[in-house]
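[1] coords please:
(chains A and B)
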Amino acid sequence: MMRVRSCLAGAAGLVLAVTLSGCGPSEPATSGSPPVVQRLTEAQYRQSIADIFAPDIKVGGRFEPGTRKGGLLAVGGSVVAVSASGFEQYDVMGRTIANQVVDAKHREALAPCKPADPKKPDAACARQTLAKYGRLLFRRPVGEKELASPLALANRAAEADGDFYAGLAFGLAQFLDSPNFIFRKDVAEADPSDSSKQRLSAYSKATRLSFFLWNTTPDNELIRAAEAGELDSRAGIAKQVDRMLASPRLETGVRAFFTDFLGFDKFDSLAKDSLIYPVFTTKVSRDAEEQTLRTLVDQLLVQKADYRDVFTSRKTFLTRNLGIVYKVPVGLESGWEAHEFPADDPHVGLLTELSFTELHAHPGRSSSTLRGKAVREILLCQKVPDPPANVNFTVVQDTSNPQFKTARERLTAHRTQATCAGCHKIMDPIGLALENFDGAGQYRSQENGAAIDPSGELDGAKFKDAAELGQALHDNPSAAACLANSVYRYGAGREFDPGEKDWQKYLLDQFARNGYRLPDLLKFIATSDAFYAVRPAGDVKEAGL
Amino acid sequence: MIGIDTRSMMLRRSLMSAAVLTAGMFAATSHVAVAGTASAAPTDPANVKARTLGFAVTYLPYALAKNADDCPDGLAMAAKDIFLASVSAAERARLTKAENLKEFEQLAYHTKDGRDLCAVPDYPREPQRTPKGKVSYGMNLDGTTDGAATANSCAHEKFTGPNGEPAVDNQTYRVIGCSSNFRGFPGEEGYLESLRNAAFKDGGMTLLIEVMGVKDGRNDENVTVGVYNGASPMAIDPNGHMLPYASLTMTDDKKYQTVAKGKIVDGVVTTEPTDMRIHYDIGGYTRVWNIRSARVRLEMKPDGSAKGLLAGYMDADDLDMTKGGVKQASAEMVGYDCPTYTQAIHRYADGFKDAKTGQCTALSTAFEINAIPAFVIHPEDAKKTASAAPAAH
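    Below is the predicted model of the structure:
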């Protein structure tokens, strides 16, 4: 279906001024893709529990690690399963959560009814409670068949324990153990306007939208809109999208995207040699992650700036822990202080923030190669081949060799190996620009007494230092394209389908026309036909409990 | 009440318009021009923006020369040493047995009529063993070349500094220089010194130094130096060392803010005399030092650190640890005899004569300053509201 945007026309037949977003090429049709099944990430699971029940409900247990596909955990979530031990953990978490929901502290607020006698089963109240939470946990109403088993379990357990609430906990836990909660499943249904086609069910649209913009389960209003059929119309979707974009909860969604996009899950295992980098601590590491997320939220959501400016901006937020590493004063005793690096300061943009320089470095030294690779793969969405199995890294790793004092000198020697040159050529010239920042992100002008040369080039654009690298990245069309493509893939939970090539170009064109602003990109994707299109691929059956 | 010059707020505000942010750093890696490097020395000081250099003290021991010939008769004796020296060998052997401990403590720590020794500061005692060496760290505080009495100082013997500086005053060195608690043993710091300096790491003491209005870090005729207690604890790395470049809030208690005029000559800051007050906490017990006519001499190094001396007249009462109800049994744990020690303090006091008695009430003292670069944050800057960015969920 072509989507036609209206243009204004004057009485004399002239085309009058139109807004950038109001006129332009129409959205190309896409064939969509097969429905996707994605395992909730740890953050999505936790946020869902907090939003469905209460923020103080504790989620204990271990989550199995995710898998990156195409650089995103969100896309990898469609190819991971749950192992036996992983399910045991979900079961432990489910029972722990259920027990808290029904405990004396929470039951008053969370249970929609009270049993006639708390020492006995109360089928009506159990049904009412389980139906309420089943709807929220499964992100759609639960049918009688799905309700029967947990209800029976709740009543039996209440009878055996002489405690209504203990029984209710068993029923709730059964919902929490269900794949219908642990996984987000796209459900396709016949398109009433064209029986040869399928469309995403309203509840699936609600789920996709909610996890895309808020990184959590659909709220009551979104489920209501799905139930009322409002999400089957463009206007209905647009209304919900506008509501969600205006909500403070959008920040959670944006943070979740950038946490995935920038690979911040690596912070969980980041370690540095404390003798070489005594300034690095867990607190610094956590603050480094938050600094970048906070700066991105401010620039892209609050200021609604051009995305590309993240590579050239001098504005950020710092804590006192970070001030020690950046060697700048932070007046605020605790918490975050807005900071702008002066014009002559080498700290410019995302690439010079600790979240980049320390995350993409070794425990005891910097790494031009890791940083160059990160720029190529994360920020430009370009794949760098893995090194061959038999590479000799000795020259690169020996930082005490007086013959090769700087990383540039060591890598030049390393690149003399023919098998290494090809990949290093596309990584090192970028990463060497950041050699003024050591493995913990601290600025230095020398290495082993030799001056550091941070010049290089990125796809033909020469630069003399990290600030100019930031500008080169700002100007590189692949940077903006990578962001737009990644946001779409993140939201859809999959790679682009071959039938979406034209739509992909349209996406990038719209991003540019809207000044590379993230909120406009999110709105565009969330209100597009492509985001919800499913390829007719056969029925997708509901899984039973 | 000792007058403290606390003009810091007015001076700071007048300098803020010229200063770079709230504090800048004197460091080889700083991108602010560093005096002493090739990119330094502005040609026209009138066009140079004044900046502030900040430091956090990491170690402040008494500046003790520890000359080899200081204590020919041995180290200063504690009460038990004095007592055991006064009895026969057989009595020594008897009293030092575990079952006679109570009797021993009663005899060693009390006067013959049963009073605790710390309550009888004039109890007859041999004079404290004091350093006999001629060299000491310190400064010429009384302005004389020979230690003769002046209107406000008492006659005393001067030292020569380690680098040949003449007429050094350091009477505190005479009192504590042969005490193991301060002098320590070869390779081992004195117990009381290590206890006090541990306070820097455990949050009991933060001492900040600001050199304000600096236009030329090598030579500047007119700077202002602030010495403040800090309200923030030092930042410590995983290896237990204090971290440089931390932002540390100074105290808002004006009693512990000292500001003095100074100058920089060849990278060394010196200040005019002013009264200073410093406090520190050890194990929840707060001590206050009143240092009168205090002056700082600080060598600022290219790596941003600083080393030097803090010299002045320490109130005799502040030096006298027997004040405040201490018992001899406690004083024994840190190895000194109350009457001997108190008498030594008053015997060697050389400054600030009491108008009525003519006795000097303070002792010339010197501390060694070791400092790392830091950002000194003034209390009003530390209390700003949080940034406008949305809070994390």
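
[2] Show me where chain A has its strands.
    Here chain A has its strands, by DSSP state E, at A:37-39, A:183-185, A:188-191, A:194-200, A:315-318, A:337-340, A:446-447, A:450-451, A:456-458, A:461-463.

[3] Using TSV, lay out the ones you listed together with mean pLDDT and distance to chain B.
    Where you see a C-beta, it was placed from the backbone N, CA and C, and this is true even at glycine. Putting these into TSV (pLDDT from 0 to 100; distance: least, C-beta to the nearest C-beta, whole Å) gives the following:
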stretch	mean pLDDT	distance to chain B
strand A:37-39	93	22
strand A:183-185	93	21
strand A:188-191	87	33
strand A:194-200	84	28
strand A:315-318	97	6
strand A:337-340	96	4
strand A:446-447	91	9
strand A:450-451	92	13
strand A:456-458	92	21
strand A:461-463	94	19
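
[4] can you put those strands in CSV and add distance to residue B:109 and mean neighbour count?
    Converted to CSV, the strands of chain A look like this (distance: least, C-beta to C-beta, whole Å; neighbours: other C-beta atoms under 10 Å in any protein chain shown):
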stretch, distance to residue B:109, mean neighbour count
strand A:37-39, 73, 22
strand A:183-185, 77, 20
strand A:188-191, 92, 16
strand A:194-200, 88, 16
strand A:315-318, 55, 23
strand A:337-340, 55, 19
strand A:446-447, 60, 16
strand A:450-451, 65, 12
strand A:456-458, 75, 21
strand A:461-463, 76, 15
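
[5] Output those strands in TSV, with distance to residue A:373 appended to each entry.
    Output for the strands of chain A, formatted as TSV (distance: least, C-beta to C-beta, whole Å):
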stretch	distance to residue A:373
strand A:37-39	27
strand A:183-185	31
strand A:188-191	38
strand A:194-200	36
strand A:315-318	24
strand A:337-340	29
strand A:446-447	20
strand A:450-451	24
strand A:456-458	13
strand A:461-463	18
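
[6] For residue A:247, find the nearest of those.
    Counting by C-beta to C-beta, residue A:247 lies closest to strand A:183-185 out of the strands of chain A; the figure is 20.1 Å.

[7] Sheet partners, orientation included, of the closest one?
    strand A:37-39 (antiparallel) (DSSP bridges).

[8] Show me what the partner strand is in contact with.
    If you take C-beta atoms under 8 Å, 6 or more residues apart in numbering or on different chains as the criterion, strand A:37-39 is touched by A:66, A:74, A:77-78, A:80-82, A:182-186, A:493.

[9] From the residues you listed, list just the buried residues.
    Buried members of the contacts of strand A:37-39, counted by 16 or more other C-beta atoms under 10 Å in any protein chain shown: A:66, A:74, A:77, A:78, A:80, A:182, A:183, A:184, A:185, A:186, A:493.

[10] From residue A:534, how far out is the fifth one?
    By that I understand residue A:80. Separation of residue A:80 from residue A:534 (C-beta to C-beta, to the nearest Å) stands at 21 Å.

[11] what's the answer for the first one, then?
    From residue A:66 across to residue A:534, the span is 24 Å (C-beta to C-beta).

[12] Need the max-distance pair from the buried ones among the contacts of strand A:37-39.
    Greatest spatial distance among the buried ones among the contacts of strand A:37-39 (C-beta to C-beta): A:66 and A:186, at 18.6 Å.

[13] Could you report the neighbour count for the nearest residue to residue A:274 once chain neighbours are set aside?
    In space, residue A:274 comes closest to residue B:238 once its chain neighbours are excluded; the distance is 4.3 Å by C-beta to C-beta, 6 or more residues apart in numbering or on different chains. The number of residues packed near residue B:238 is 14, by other C-beta atoms under 10 Å in any protein chain shown.

[14] ditto for the one 4 residues further on
    Applying other C-beta under 10 Å, we find 20 other residues in the vicinity of residue B:242.

[15] does it really touch residue B:372, like I thought?
    Yes. Assessed by C-beta atoms under 8 Å, residue B:242 is found in contact with residue B:372 at 6.3 Å.

[16] list the residues that contact both of the two?
    With C-beta under 8 Å, 6+ apart as the test, residue B:242 and residue B:372 both reach B:56, B:58.

[17] do you know which of the strands of chain A lies nearest residue B:200?
    Smallest distance to residue B:200 across the strands of chain A (C-beta to C-beta): 24.5 Å, for strand A:315-318.

[18] The closest one - contacts with which helices or strands?
    helix A:282-296, strand A:337-340 (3 or more C-beta pairs under 8 Å, 6 or more residues apart in numbering or on different chains; DSSP states H and E).

[19] what does the longest one contact?
    Residues from elsewhere that reach helix A:282-296 (C-beta under 8 Å, 6+ apart): A:254-255, A:258-259, A:262, A:264, A:267, A:270, A:310, A:313, A:315-319, A:321-322, A:324-325, A:336, A:350, A:353-356, A:358-359, A:441, B:389-390, B:392.

[20] and that helix, what's its mean pLDDT?
    For helix A:282-296, the mean per-residue pLDDT is 97.
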